[in-house]
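# everything below, folded, please.
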Amino acid sequence: MAQFQSLEAAVADNLSPGDSAAFEGFTHLIPHAAAHEVIRQGIGDLTLIRMTPDIIYDQLIGCGLARKLVFSYAGNPGVGLLRRLRDAVENGVPQPLAIDEHSHAAMANAYEAGAAGLPVAIFRGYKGAGLKAVNPNIRSVTCPFTGEELAAVPAIRPDVAFIHAQKADRKGNVLIEGILGVQKEAVLAAKRSVVTVEEIVEDFGGLHPNLTILPHWTVTSVVAVPGGAHPSYTRGYYGRDNAAYLDWDEIAADIDRFRAWIDTHVMACGPDVFAERVAGLKGAT
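Next up is the predicted model:
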């Protein structure tokens, strides 16, 4: 049964040092506000899991909160590198980071396996790919029915999943419109989940029932954080802040500038600042 909480309480109650945590959203609905609260609380030694890690993981890694990253493709979308992630992998700054790299297909299948309570995901993939040589968690199995060689990877079952959505109703049912990544699968695979939303409404009257992708009994905590996906976008509420992604490339390239940005825009701010940041983006999708 979903519990309605403040962001501070939801993070403190559900995430502990040493946990594995997935912050999911695919270009759309990326849970930046939740990640910033993790930074403010200084919860570290985390295994971070995400398809396409972008700047929220650059921030968590740059703050020294991650010991391992399980991922498929890492980059600042449309811009280039994740500079704090690269510094951690290549130079151990601010601390060494272990990596477990997969394809998108492997991650999607691993989340689905976790959501189904299975220990492993089996799928067609990795034939001719070099990742198998550097990732011991990519293995092969033989189909007992056809004899076909298939790829196998461990299921993803995070301790906590964080996602952002448009709406939750008073029962805690969660509605998402627009591009979906693996948010549903991440929540169903996780032991606990925190869903930040643009608004909490009485009901979803007039909207298609299939938009309710997560019933209340699958969700641990619901938090109202208007603007909580910025600088990514939330369909129907605000557009993508492209300038913020461009700026990040220069900010993250310099460790002192990075630390100053974190001090000013994360440590000194609460979740209410996200609504202010999207004021000029309202109505865009």
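
# residues near the closest residue to Gly62 other than its chain neighbours, how many?
Nearest non-adjacent residue to Gly62, counting by Cβ to Cβ, 6 or more residues apart in numbering: Arg84, 3.3 Å away. (C-beta placed from N, C-alpha, C; glycine too.) Neighbour count of Arg84, defined by other Cβ atoms under 10 Å: 27.

# what does the pLDDT read for the closest residue to Gln3 other than its chain neighbours?
Of all residues beyond its chain neighbours, the one nearest Gln3 is Ser221 (5.3 Å), with distances taken as Cβ to Cβ, 6+ apart. pLDDT, Ser221: 98.

# and Ser221, how many neighbours?
Applying other Cβ under 10 Å, we find 23 other residues in the vicinity of Ser221.

# go on, the one 5 residues further on?
When counting by other Cβ under 10 Å, one arrives at 20 neighbours for Pro226.

# helix or strand: which one has it?
Assigned by DSSP states H and E, Pro226 belongs to no helix or strand.

# pLDDT score for the nearest residue to it once chain neighbours are set aside?
Nearest residue to Pro226, sequence neighbours excluded (Cβ to Cβ, 6+ apart): Ala275, at 4.2 Å. Note for Ala275: predicted pLDDT of 89.

# could you pull out the strands for the stretch 51-200 of the chain?
Secondary structure of the stretch 51-200 of the chain by DSSP state E, counting those that start in this stretch: the strands cover 66-72, 98-101, 120-123, 139-142, 149-154, 160-169, 174-175, 192-201.

# quick one: the fifth one to chain centroid distance?
How far strand 149-154 lies from its chain's middle: 24 Å, per Cα atoms, centre = their mean, to the nearest Å.

# right, and Tyr237 touches Val278 too?
Yes - if you go by Cβ atoms under 8 Å, Tyr237 and Val278 touch, sitting 7.4 Å apart.

# shared neighbours, these two?
Residues touching both Tyr237 and Val278 by Cβ atoms under 8 Å, 6 or more residues apart in numbering: 226-227.

# okay, now the domains of the chain?
3-102+157-276, 105-154 (automatic domain parsing).

# from those, which stretch is densest packed?
Ranked by mean neighbour count, the domains of the chain are led by domain 3-102+157-276 with a mean of 20 (mean count of other Cβ atoms under 10 Å).

# check contacts around the nearest residue to Tyr237 once chain neighbours are set aside.
Among residues not flanking Tyr237 along the chain, Glu198 sits closest, at 5.2 Å (Cβ to Cβ, 6+ apart). Listed by Cβ under 8 Å, 6+ apart, the contact set of Glu198 reads 165-167, 224-228, 234, 237.

# widest-spaced pair of the residues you listed?
Farthest pair in the contacts of Glu198 (Cβ to Cβ) is Lys167 and Gly227. Separation: 14.2 Å.

# distance check, the closest residue in space to Lys167 that isn't next to it in sequence against Gly181.
Spatial nearest neighbour of Lys167, excluding adjacent residues (Cβ to Cβ, 6+ apart): Leu175 at 4.4 Å. Between Leu175 and Gly181 the computed distance is 16 Å (Cβ to Cβ, to the nearest Å).

# again with Ile213
Note on Ile213: its distance to Gly181, by Cβ to Cβ, is 11 Å.

# what about this protein, any weak spots by pLDDT?
Residue ranges of the chain with pLDDT under 70: 282-285.

# so where do the helices sit in it?
Secondary structure of the chain, counting by DSSP state H: helices at 7-14, 32-41, 55-62, 83-91, 104-115, 183-189, 242-253, 255-262, 273-277.

# CA atoms of the third one as CSV?
In CSV, the C-alpha atoms belonging to helix 55-62 read as follows (Å, rounded to 0.1, in the frame of the first residue of the first chain):
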residue,chain,number,x,y,z
ILE,A,55,23.6,13.6,-15.6
ILE,A,56,21.9,12.5,-12.4
TYR,A,57,24.3,9.6,-12.2
ASP,A,58,27.2,12.0,-13.1
GLN,A,59,26.1,13.9,-10.0
LEU,A,60,25.7,10.9,-7.7
ILE,A,61,29.0,9.5,-8.8
GLY,A,62,30.8,12.8,-8.6
